[in-house]
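> no sequence on hand, only this structure:
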């Protein structure tokens, strides 16, 4: 059920959070599709274009800081594995439910956030899931991390050789 991700990941940040590209603070403050408020998370993409789509889902392109990471992440739940998703008690269509924000406002926690909380409790470091941003296709993938650091099993390294963000 758990897989490993190894490779580069991309994130398009709101410039407000650009000086803290490893924090997950924005998601922690506001909650996201796959993290309830109070739970830090990094929403990363496997391609630059997907990262830009994810960060600019409303209206025109807004100021964005694009960053890249090297990742070696163990214990990733792969939501594209439909058998594993079904065994976890979740359906593929529920992942894409556009009403997650409404659910969060009315019940305090969206169904996808509850699913993420259950995965975190089972020891998963992250979730590999397709992008649902406008213009994305079935091969546009994201990795949502709840656990990351500088060492295994959830090693994430910001690529900033010229210290541009320090």
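Structure received. These numbers were taken from a predicted model, which means no experiment stands behind them.

> what's in contact with stretch 124-142?
2-3, 5, 33-34, 43-47, 49-50, 53-54, 57, 73-80, 95-96, 98, 116, 119, 143-148, 153-154 (C-beta atoms under 8 Å, 6 or more residues apart in numbering). Any C-beta I mention is one placed from the backbone N, CA and C, and that applies to glycine too.

> these, buried ones only, as a PyMOL selection?
Selection of buried members from the contacts of stretch 124-142 for PyMOL, criterion 16 or more other C-beta atoms under 10 Å:
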select buried, resi 5+33+34+43+44+45+46+47+50+53+54+73+74+75+76+77+78+79+95+116+119+143+144+145+146+147+148+154
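
> so which of the contacts of stretch 124-142 sit within strands?
Counting by DSSP state E, those place 2-3, 5, 43-45, 73-78, 143-145, 154 in strands.

> which pair of the residues you listed spans the longest distance?
2 and 45 (20.6 Å; C-beta to C-beta).

> so who does residue 151 touch?
Applying C-beta under 8 Å, 6+ apart, no residues qualify as near residue 151.

> same thing but 10 Å
Residue 151 makes contact with residue 72, according to C-beta atoms under 10 Å, 6 or more residues apart in numbering.

> now do the SS call for residue 62.
Three-state call for residue 62 (DSSP: H, G, I helix; E, B strand; the rest coil): coil.

> what's the neighbour count on it?
11 (other C-beta atoms under 10 Å).

> how much space separates the nearest residue to it once chain neighbours are set aside from residue 133?
In space, and not counting its chain neighbours, residue 62 is closest to residue 56: 5.7 Å by C-beta to C-beta, 6 or more residues apart in numbering. Separation of residue 56 from residue 133 (C-beta to C-beta, to the nearest Å): 8 Å.

> for the nearest residue to residue 119 once chain neighbours are set aside, give me its contacts.
If the residues on either side of it in the chain are set aside, residue 119 comes closest to residue 77, at 5.2 Å by C-beta to C-beta, 6+ apart. If you count contacts by C-beta under 10 Å, 6+ apart, residue 77 has them with 1-3, 84-85, 88, 90, 115-116, 118-120, 122, 124-129, 144.

> try 8 Å this time
1, 2, 3, 84, 88, 119, 124, 126, 127, 128.

> and the residues you listed as JSON lines, adding pLDDT?
As requested, these are exported to JSON lines (pLDDT from 0 to 100):
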{"residue": "1", "pLDDT": "71"}
{"residue": "2", "pLDDT": "88"}
{"residue": "3", "pLDDT": "94"}
{"residue": "84", "pLDDT": "95"}
{"residue": "88", "pLDDT": "94"}
{"residue": "119", "pLDDT": "97"}
{"residue": "124", "pLDDT": "98"}
{"residue": "126", "pLDDT": "98"}
{"residue": "127", "pLDDT": "98"}
{"residue": "128", "pLDDT": "98"}
